[in-house]
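1. Pasted the sequence and its predicted model underneath.
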Amino acid sequence: MLFKTITKENLRTFITNIIKENQTFAPVVVSTDADNNPIYQFKKVDSFEEIKINYTKSYSSIKNFFLPYKEDLSTFHFNENGWEQKINYRVNPRVLFGVRACDINALIKLDQVLMKGSFPHPYYIARRKNTFIIGLDHEPMADCFCQSLDTNEVVHGFDIFLTDIGPKYFMLINSSKAFNLLKNITIEEVKEEDRENYIKEKNRLASLFKSHVDVTGMANLMDIEFESSVWQKWGDKCLSCGSCAMVCPTCYCYTVCEKINLSLKTASKEKMLYSCNLIDFAEVAGGHNFRPKSSDRLKYRYYHQHRGFVESFDESKCVGCNRCQKACPADINPVEVLRDLRKENIK
Amino acid sequence: MTYKIPVYDINNEHSLSQTPNFNNKNALMKTDMVYQCEITNIVELTESEKLFQLKIINPIEAKIFSFLPGQFVMVEVPGFGEIPVSISGSTSRRGSVALCIRKVGKVTGILHKLKKGTMLGIRGPFGTHFPMKQMKGSNILLIAGGLGIAPLRAPIYWINEHRSDFENVHILYGVKTPEQILFDFQFDSWRKIYNYDIHVIVENSDKSWQGKTGLITDLFKDISIDVKNTYAIVCGPPAMFKFVCDYLNKQGLAMNQMFISLERRMHCGMGKCCRCMVGSTFTCVDGPVMDFWTVMNLKEAI
Ligand SMILES: Cc1cc2nc3c(=O)[nH]c(=O)nc-3n(C[C@H](O)[C@H](O)[C@H](O)COP(=O)(O)OP(=O)(O)OC[C@H]3O[C@@H](n4cnc5c(N)ncnc54)[C@H](O)[C@@H]3O)c2cc1C
Ligand code: SF4
Ligand code: SF4
Ligand code: FES
């Protein structure tokens, strides 16, 4: 990792030029919510001016650039001898600008599952390695609890990461790709005062978190409280709509369905992101459902976040972005669910 | 001066251009590429169960494909879907795969309509296996409920091919009605050639049935087991294996000497889709074969 600084003017030129030559996605306003607050999403941008650099958080996470809602795993082409299977992994390079630390940490968690260990997922790897990520620090929102999950700081998983230190950005450079691109523009060595300003700003950002939840020992608690009435309490509210998993930056489960094309000459095997809250998630032929109740399924979602994932990778799967609550029609709040489990809400 | 991000073409990765070898789990490979197979024979076992014999077409793939008893493959019917099925045949017949499939829904329904010569796809093998080598020198209890006899055929063939490695072998097999008995045409040869002790029981008998009536645990009265030197392999629905294993455990058979095979919904076989998770365990990777101790320590296993 290299540490440099870049002036705001030079960053604007740098990003403007990147946009000219690459497909670039950045936060823009797409709508407003019931309280008239802007709703942000990552969309393709054509100029630096369109980008809402001070955005709060994107409604959906950036995971969909790596795990689209729908994608063809393969296609089958029927012929006189039977069929032939075709798979296409090709992705064009693209840039994501303005990604938050928690969202990069979420990608690192997905990397664990989809790039490392057994059966690396070529579709994901092709997208991940063709995506140039420029991260950006920000002031946490009132409901961000990523600090509790240790995901408000990021040390890898990106190409460039920027922190606003007044007239310029403090810049972490984490790939040779990034280093090469930056040769096009003036960047400066870090001076003593830049370092001071950077640390001050980091401390200030860290002090702004208002939402906290204690997750120490959560994995054991999940087992001990497996039969807890807390699951009933929250599970009964759950409408099993699956919105939480759709917006969650680390939920990756899926379903597969196959379709024969109208021409009857081809068929496609399609992967679709799914949610363990959906009613038929664990249903098998004959109608037996291993998790028939909404509370069984909600519990399982938390169990994977804070027990299953910890068992495999020594960290929770949740990064504390609170998108799941924002999207939830039943207002199921992950911080409150975890506090209930810890019995912190009992006076 | 260029601001263009260089392209990374994953197709240039050497390992991706090789034939996928699903036993080499950590390699980058075309995880969704199937091995094409021809259905070489279909045996109608009962009204709802058929035995499919498949032959892997490509000789390289046929050579790579090797499995151990208890493992499963994902069977692909292009345009209809992909389902997990235990391999129900011998591990030593390279390139040939036997599958015993019950008609229960969409994909299995289509499979039952297919004719000899049709092309299917398979991916695999996936999952854990029965530890046949660890069982060397012991008595073996093979206990099946219903369709559970299908995954038991792989360990049976293994024992046949390594008969001197094992002491007494008992098969206890329980079904609902006499018509549902599978593979009884093989029982005689298993008895005569390989010296198996085979007991069958049906829950609801009719006039034609000459044998025993009752629950599978009733068969334990007919055999004696040396709990210190016996391994049990139990395949069947959750209620059945729990009942059987609890009984054997009370007789003194250690929980880690009993192996079962779990069944869950599966859409990938590779620990990615999460559909098969039991508690925090992926049935497709850490299972389907597990010892009884492990199963009883899983949340929501039964
Ligand atoms: C490890 C393992 C080994 C198996 N071995 C055999 C075997 O040897 N013989 C046999 O007849 N059956 C076996 N099964 C069950 C078989 O996979 C299901 O009967 C089959 O998936 C049903 O598919 P369907 O499309 O006909 O049913 P539908 O009800 O139409 O199911 C729709 C889809 O749901 C999924 N699904 C439904 N039920 C199951 C299930 N029980 N397990 C996994 N996925 C399911 C499949 O993707 C299926 O395509 C095994 C299952 C597992 C997990
Ligand atoms: S807060 Fe909710 S949406 Fe965000 S990572 Fe955790 S579970 Fe996912
Ligand atoms: S968004 Fe809320 S209601 Fe919908 S499945 Fe998730 S927890 Fe349940
Ligand atoms: S079948 Fe997909 S994770 Fe096990």
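-> Received it, and whenever you're ready, just let me know what you need. Ligands and ions are numbered 1, 2, ... in the order given.

2. Distance of the residue nearest the centre of chain A relative to residue A:64?
-> Nearest to the mean C-alpha position of chain A, by C-alpha atoms, centre = their mean, lies residue A:249 at 2.5 Å. Distance check for residue A:249 against residue A:64: by C-beta to C-beta, to the nearest Å, it reads 10 Å. Where you see a C-beta, it was placed from the backbone N, CA and C, and this is true even at glycine.

3. what do you get for residue B:175?
-> For residue B:175, the distance to residue A:64 - C-beta to C-beta - is 48 Å.

4. More neighbours: which of those two?
-> Between residue B:175 and residue A:64, residue B:175 has the larger neighbour count (other C-beta atoms under 10 Å in any protein chain shown), namely 23 against 15.

5. who touches the more buried one in this structure?
-> Going by C-beta atoms under 8 Å, 6 or more residues apart in numbering or on different chains, residue B:175 touches B:145, B:146, B:181, B:182, B:200, B:201, B:202, B:203.

6. Can you select the buried ones from the residues you listed in PyMOL?
-> To isolate the buried subset of those in PyMOL, counting by 16 or more other C-beta atoms under 10 Å in any protein chain shown, use the following:
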select buried, chain B and resi 145+146+181+182+200+201+202
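
7. which of the contacts of residue B:175 are the two that sit furthest away from each other?
-> B:182 and B:203 (15.1 Å; C-beta to C-beta).

8. about what we covered before: what about the contacts of residue B:175, which are in strands?
-> B:145, B:200, B:201, B:202 (DSSP state E).

9. could you redo these as JSON lines and give each row distance to residue A:80?
-> Formatted as JSON lines, these follow (distance: C-beta to C-beta, whole Å):
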{"residue": "B:145", "distance to residue A:80": "44"}
{"residue": "B:200", "distance to residue A:80": "46"}
{"residue": "B:201", "distance to residue A:80": "50"}
{"residue": "B:202", "distance to residue A:80": "47"}
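
10. Could you export the residues you listed as JSON lines, including pLDDT?
-> Converted to JSON lines, these look like this (pLDDT from 0 to 100):
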{"residue": "B:145", "pLDDT": "93"}
{"residue": "B:200", "pLDDT": "93"}
{"residue": "B:201", "pLDDT": "94"}
{"residue": "B:202", "pLDDT": "94"}
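
11. quick check, nearest of those residues to residue A:196?
-> For the ones in strands among the contacts of residue B:175, the nearest to residue A:196 is residue B:145 (71.7 Å; C-beta to C-beta).

12. so who does the spatially closest residue to the closest one that is not a sequence neighbour touch?
-> Leaving out its chain neighbours, the residue that sits closest to residue B:145 by C-beta to C-beta, 6 or more residues apart in numbering or on different chains is residue B:236, at 2.7 Å. By C-beta under 8 Å, 6+ apart, the contact set of residue B:236 is B:143, B:144, B:145, B:146, B:148, B:174, B:216, B:244.

13. Next, find the distance separating residue B:236 from ligand 2.
-> Going from residue B:236 to ligand 2 by C-beta to the nearest ligand atom, to the nearest Å gives 37 Å.

14. Give me the phi and psi angles of that residue.
-> phi 170, psi -170 (degrees, to the nearest 10).

15. same deal with the one 4 residues further on?
-> The phi and psi values for residue B:240, taken as degrees, to the nearest 10, are phi -70, psi -50.

16. Ok, the one 10 residues further on next?
-> When quoted as degrees, to the nearest 10, the phi and psi of residue B:250 stand at phi -60, psi -30.

17. tell me which element residue B:112 falls in.
-> Element membership for residue B:112 (DSSP states H and E) is helix B:106-113.

18. Give the buried residues for that helix.
-> Neighbour-count burial for helix B:106-113 [16+ other C-beta under 10 Å]: B:107, B:108, B:111, B:112.

19. Contacts for that helix, please.
-> A:285, B:50, B:52, B:75, B:77, B:80, B:81, B:82, B:83, B:101, B:102, B:103.

20. I figured residue A:84 was touching residue A:75, is that so?
-> No: under the criterion of C-beta atoms under 8 Å, residue A:84 makes no contact with residue A:75, lying 9.2 Å away.

21. What's the local residue count around residue 253?
-> No chain in the question, so chain A it is. 21.

22. right idea, wrong chain: chain B
-> Neighbour number of residue B:253 under other C-beta under 10 Å is 21.

23. Give me the phi and psi for it.
-> phi -80, psi 120.

24. For the residue of the stretch 1-150 of chain A found nearest ligand 1, the count of nearby residues, please.
-> Using C-beta to the nearest ligand atom, the closest approach of the stretch 1-150 of chain A to ligand 1 is made by residue A:73 at 13.5 Å. Residues lying near residue A:73 (other C-beta under 10 Å) number 20.

25. repeat for residue A:35
-> Residue A:35, neighbours per other C-beta under 10 Å, totals 5.

26. Ramachandran angles for the residue lying closest to residue A:133 once chain neighbours are set aside?
-> Distances taken as C-beta to C-beta, 6+ apart place residue A:158 nearest to residue A:133, at 4.4 Å, with adjacent residues excluded. Main-chain torsions, residue A:158, degrees, to the nearest 10: phi -130, psi 170.

27. Let me see the residues that make contact with the longest helix along chain A.
-> Of all segments of type helix in chain A, defined using DSSP state H, the longest is helix A:192-207. Outside of helix A:192-207, the residues within contact range by C-beta under 8 Å, 6+ apart are A:5, A:137-140, A:147, A:152, A:163-166, A:168, A:170, A:190.

28. buried residues in it?
-> A:194, A:197, A:198, A:201, A:202, A:205.

29. Check stretch A:210-224 too.
-> A:211, A:213, A:215, A:218, A:219, A:221, A:222.

30. quick one: residue A:103 is in a strand?
-> No: Residue A:103: not assigned to a strand; according to DSSP: H, G, I helix; E, B strand; the rest coil it is helix.

31. residue contacts, it?
-> Residue A:103 neighbours (C-beta under 8 Å, 6+ apart): A:58, A:61, A:62, A:249, A:319, A:321.

32. Help me confirm that the last one comes into contact with residue A:148.
-> So the one you mean is residue A:321. No: Residue A:321 is beyond contact range of residue A:148, at 11.6 Å (criterion: C-beta under 8 Å).

33. coming back round to it: and which of the buried residues of helix A:192-207 is nearest ligand 3?
-> Nearest member of those to ligand 3, counting by C-beta to the nearest ligand atom, is residue A:205, at 28.8 Å.

34. And the strands in the stretch 101-250 of chain A, which stretches?
-> A:131-136, A:160-164, A:168-173, A:188-189 (DSSP state E, counting those that start in this stretch).

35. Residue B:153: how many residues sit nearby?
-> Neighbours of residue B:153 using other C-beta under 10 Å come to 23.

36. That one contacts residue B:91, doesn't it?
-> No: here residue B:153 lies out of contact with residue B:91, judged by C-beta under 8 Å, at a distance of 10.9 Å.

37. just checking, residue B:168 touches residue B:198?
-> No: between residue B:168 and residue B:198 there is no contact under C-beta under 8 Å: 12.0 Å.

38. Quick check: chain neighbours aside, which residue is closest to the closest residue to ligand 4 within the stretch 1-150 of chain B?
-> Residue of the stretch 1-150 of chain B nearest ligand 4, by C-beta to the nearest ligand atom: residue B:84 (7.2 Å). Nearest non-adjacent residue to residue B:84, counting by C-beta to C-beta, 6+ apart: residue B:266, 4.4 Å away.
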